[in-house]
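Student: The following comprises the amino acid sequence and a computationally predicted model.
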Amino acid sequence: MSDRHIYDKCPLCGGQNFKKFNEADCSGHDLYHPSLSPVITWNLCSDCRHVFTDGYFTDASNEIIFSKTHPHQSVGHDIENNRTRSAPMVEKVLPFAKDGVWMDVGFGNGSLLFTAMEFGFKPIGVDLRKDCVEAMIQIGIEAYCQDITTLDLSPKCRVVSLMDVLEHVPFPKDFLKAVHRNMEDGGVLLISCPNSESLVWDYLTGSGTNPYWGEIEHFHNFSRTRLYALLEEMGFKPQRFGVSQRYRLGMEIVATKI
Ligand SMILES: [Zn+2]
């Protein structure tokens, strides 16, 4: 049985003009399990230039992958140092929003939400890892263990953060639609993911040390150009570009709801 549902069209533009672009060994990844394929195949869409894996995991494969939690994804992990790492991310949002509901999707160790609270935001967490959600609820923070495409919050969020999340999502457009629906007018999106459009990306690819081709949890390698076009298509206006201090090769973008 296959471990992935195969994309029959580009998950961003729906085009069918795509072909194999790269492949990588993922058998050394922490979350790899021998029941999964040891090779990740990447496609390039010739219509919109998006780069994506040949398929996304079945529920059974997800269960295998989600059965392990990285230590850095446990709620409260390295809480003091992570506060210092999270503060610059909150500060990027401040010119656009100073308070209100802040929803972090894929909150992991919770640090960004804890820090946003210190700045005066009301935190809401969403994560697919049950133990993370339970830990969050136990410390009194509103949290949901569900796909945000099924979430309808009231009141809506002033800020939504997706820190290294979108590249894990099989269909990013449905995901961004749900973010848009759950956001106040003029709300702020803070989004990060690896940026494939940089010299350092090409350099690491050329030397065979780019970690993202073998990243078992990712289905997409976004370029800045493709992500900006996607955000605009989904009703967000990119306001500022930045480099992530937390993730390798990462870009961190602030956008506002149109
Ligand atoms: Zn495409």
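Tutor: Okay, I see it.
Student: From now on I want contacts and neighbour counts done on CA atoms only, so please keep to that.
Tutor: Will do.
Student: Let me see the residues that make contact with the host helix or strand of E134.
Tutor: Element membership of E134 [criterion: DSSP states H and E] is helix 130-138. With contacts defined as CA atoms under 8 Å, 6 or more residues apart in numbering, helix 130-138 is touched by 73-75, 108-110, 125-127, 142-145.
Student: in its sheet, what does the helix or strand that it is followed by sit against?
Tutor: Once helix 130-138 ends, the next helix or strand along the chain (criterion: DSSP H and E) is strand 142-144. Neighbouring strands of strand 142-144 in its sheet, by DSSP bridges, are strand 121-126 (parallel).
Student: list the contacts for the residue of the stretch 101-250 of the chain found nearest the ion?
Tutor: Residue nearest to the ion within the stretch 101-250 of the chain: R226 (9.5 Å; CA to the ion). R226 makes contact with C48, R49, H50, according to CA under 8 Å, 6+ apart.
Student: Quick check: nearest residue in space to the second one, chain neighbours excluded?
Tutor: Closest residue to R49 in three dimensions, ignoring its sequence neighbours and counting by CA to CA, 6 or more residues apart in numbering: R226, at 7.4 Å.
Student: ok so, going back, how about the helix holding E134: buried residues?
Tutor: Neighbour-count burial for helix 130-138, counted by 16 or more other CA atoms under 10 Å, picks out C132, V133, E134, A135, M136.
Student: Just put those residues in CSV and tack on pLDDT and distance to the ion.
Tutor: Shown next, in CSV, are the buried residues of helix 130-138 (pLDDT from 0 to 100; distance: CA to the ion, whole Å):
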residue, pLDDT, distance to the ion
C132, 92, 34
V133, 95, 34
E134, 95, 38
A135, 95, 39
M136, 97, 37
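Student: Would you format these as TSV with distance to L36 included?
Tutor: Shown next, in TSV, are the buried residues of helix 130-138 (distance: CA to CA, whole Å):
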residue	distance to L36
C132	25
V133	27
E134	28
A135	29
M136	31
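Student: so how far is stretch 248-257 from its chain's centroid?
Tutor: 10 Å (CA atoms, centre = their mean, to the nearest Å).
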